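S.K.: Here is a sequence with its predicted model. Questions after.
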Amino acid sequence: GNSVTQMEGPVTLSEEAFLTINCTYTATGYPSLFWYVQYPGEGLQLLLKATKADDKGSNKGFEATYRKETTSFHLEKGSVQVSDSAVYFCALSSSGGYNKLIFGAGTRLAVHP
Amino acid sequence: GAVVSQHPSWVICKSGTSVKIECRSLDFQATTMFWYRQFPKQSLMLMATSNEGSKATYEQGVEKDKFLINHASLTLSTLTVTSAHPEDSSFYICSARPSGNTGELFFGEGSRLTVL
């Protein structure tokens, strides 16, 4: 069945460091891929998405490229800030929309000054 | 942006009792809401799809008599964990999609249930 695997956290970085959070998926067909972020005490928020191979989603300095050949959707940011500290979830939707999202386990990021 | 609120944020109950968790869309109407469950260090697992005015659609392996879902209005869905047991302790999260919109989901902040 469909599944999402994320790197285990926590990830601890200093401010302005480069961030990569790995995400790989298993799915039939051509799923849509998402990154969600959950800040402390808040609900999950959509960070970025990509709906087809080679698409790059980007938002707030974060980027992820839909790589079908490696079934990956790694999240990157060139220079993290303390305010980026949160839990990041990779997800896929095999229906192509937002129904029945399948999530990874989440990766906690802690950024220190 | 659209806001979804869950209540309570956390609840502790005794084994055998029932607990109700509310999910409200505060500034939009939601024909469809989704309920998820998350165990520590594991993925969010979709439990059921809640449709306003009709019965919920449960995912395989989820006991519908154990997890009662009611979506009586366009802004409120409730999840009732009946006869709760310690293994029901978990983090429950809801999401909602604005009516007429096939796009983005908006998530609540989650409700942590601890059954003693």
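M.R.: Here it is on my side, so go on.
S.K.: what's the helix or strand for residue A:53?
M.R.: Assigned by DSSP states H and E, residue A:53 belongs to no helix or strand.
S.K.: burial count for it?
M.R.: Close neighbours of residue A:53, defined as other CB atoms under 10 Å in any protein chain shown, add up to 12. For every residue, glycine as well, the C-beta is placed using N, CA and C.
S.K.: For residue B:20, give me its contacts.
M.R.: B:78, B:79, B:80 (CB atoms under 8 Å, 6 or more residues apart in numbering or on different chains).
S.K.: Which ones among the residues you listed map onto strands?
M.R.: B:78, B:79, B:80 (DSSP state E).
S.K.: Top of those residues by number of neighbours, please.
M.R.: Comparing the ones in strands among the contacts of residue B:20 by number of neighbours (other CB under 10 Å), residue B:79 comes first, having 25 neighbours.
S.K.: looking at it, that one is touching residue B:94, isn't it?
M.R.: Yes - at 7.3 Å, residue B:79 and residue B:94 qualify as touching, with contact defined as CB atoms under 8 Å.
S.K.: what's the overlap in contacts for these two?
M.R.: By CB under 8 Å, 6+ apart, residue B:79 and residue B:94 have these common neighbours: B:21, B:23, B:35.
S.K.: any weak-confidence spans in the chain?
M.R.: Defaulting to chain A. Within chain A, the ranges that satisfy pLDDT under 70 run A:95-99.
S.K.: oops, I was thinking of chain B
M.R.: For chain B (pLDDT under 70), the answer is B:1, B:101-102.
S.K.: Could you find the closest non-adjacent residue to the residue positioned nearest the centre of it?
M.R.: The centre of chain B sits closest to residue B:35, judged by CA atoms, centre = their mean, with a distance of 3.7 Å. Sequence neighbours aside, residue B:47 is the residue nearest to residue B:35 in space, at 4.6 Å (criterion: CB to CB, 6 or more residues apart in numbering or on different chains).
S.K.: Tell me which strands the helix or strand containing that neighbour pairs with, and in which orientation.
M.R.: Using DSSP H and E, residue B:47 falls within strand B:44-51. When pairing is defined by DSSP bridges, strand B:44-51 lines up against strand B:30-38 (antiparallel), strand B:57-58 (antiparallel).
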